[in-house]
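Colleague: Pasted the sequence and its predicted model underneath.
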Amino acid sequence: MKKFITENSNKMKIVLLGAPGAGKGTYASRLKDQYGIPHISTGDLLREAIKNNTPAGIQAKKFMDRGEFVPDEIIIELLKERLKQSDAQAGMLLDGFPRTIEQAKILDEIIGIRAVLKFDIKQDVVLRRLGGRLICKGCGEIFNKHKLPPKKEGICDICKNELHQREDDTEETIIKRYKTYEDQINPLIEHYSNTNKLHTLDSNTDLSDLKCTVLEDCKKILDNIKSNI
Ligand code: AMP
């Protein structure tokens, strides 16, 4: 047990919680290079598995198409494989996992975590944000048609690949996903609030707004963790 705690205390293992559109992906892409840890999104792992037609992807697609959770055994296997890769050895920004109390307990067992960043957002802000969300097919950078447009329409500023809109970014699915998040978050808050690891950030202001301090607030939390490693 002692070995487990020591091993985990020198890594930046961070969980990002937040409704769809709360900015987890956007902030992760700003933080990952600075702290030298990858952004690992279970939704992205699943979409990649579906794209590659792997057995896990074929199974997962049935659930994702219905807007339901993918069974734990599929997602945990994908996550464990991803965590073995060399870039995840110093830590990670984990997005989309855990979503249930059972997953939180499994995560405590398989990696242990240092901090949970919870991005709070209201439903009407989510609808505005996700309705206009554009994602790069190449590097995953996130833009917004209205608030953060790319310099050239449909093209990523960074890697020049094509931008696309996610299939589940329709109004009906967004409302359903927001409701699912609200239902799942309370047990997770309870689980983490007993641990001193939970940090809540008000993510209703867009990153492009000068008043937005969310990125700075995240950096303060991560700097504090880094200085204790
Ligand atoms: P996301 O990209 O995080 O919005 O995830 C897209 C979809 O992938 C979700 O609606 C779920 O069907 C599935 N998914 C992602 N992460 C998990 C998870 N931790 N547990 C179960 N299903 C998940």
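Modeller: Ah, there it is.
Colleague: What lies in contact with the longest helix along the chain?
Modeller: The helix of greatest length in the chain, counted in residues with DSSP state H as the criterion, is given as helix 171-193. Counting contacts by CB atoms under 8 Å, 6 or more residues apart in numbering, the residues outside helix 171-193 that touch it are 17-21, 67, 98-101, 104-105, 116, 118, 123, 126-127, 130-131, 168, 198. Using the backbone N, CA and C atoms, a C-beta is placed for each residue, glycine as well.
Colleague: right, and the helix or strand after that helix?
Modeller: strand 198-202 (DSSP states H and E).
Colleague: taking the mean pLDDT, what do you get for that following strand?
Modeller: The pLDDT scores in strand 198-202 average 96.
Colleague: and what of stretch 166-178?
Modeller: When pLDDT is averaged over stretch 166-178, the result is 85.
Colleague: which residues touch whichever helix or strand Met92 is part of?
Modeller: Here Met92, judged by DSSP H and E, is contained in strand 91-95. Outside of strand 91-95, the residues that reach it under the criterion CB under 8 Å, 6+ apart are 11-16, 24-25, 28, 31-32, 35, 37-43, 83, 107, 113-114.
Colleague: just checking: which of these also lie near the ligand?
Modeller: Intersecting the contacts of strand 91-95 with the surroundings of the ligand, defined as CB under 6 Å from any ligand atom, gives Thr42, Gly43.
Colleague: Among the contacts of strand 91-95, which are located in helices?
Modeller: Using DSSP H, the members of these that fall in helices are Lys24, Gly25, Ala28, Leu31, Lys32, Tyr35, Thr42, Gly43, Leu83, Leu107.
Colleague: Can you tell me which of the residues you listed is nearest the ligand?
Modeller: The shortest approach to the ligand among the ones in helices among the contacts of strand 91-95 belongs to Gly43, at 1.9 Å (CB to the nearest ligand atom).
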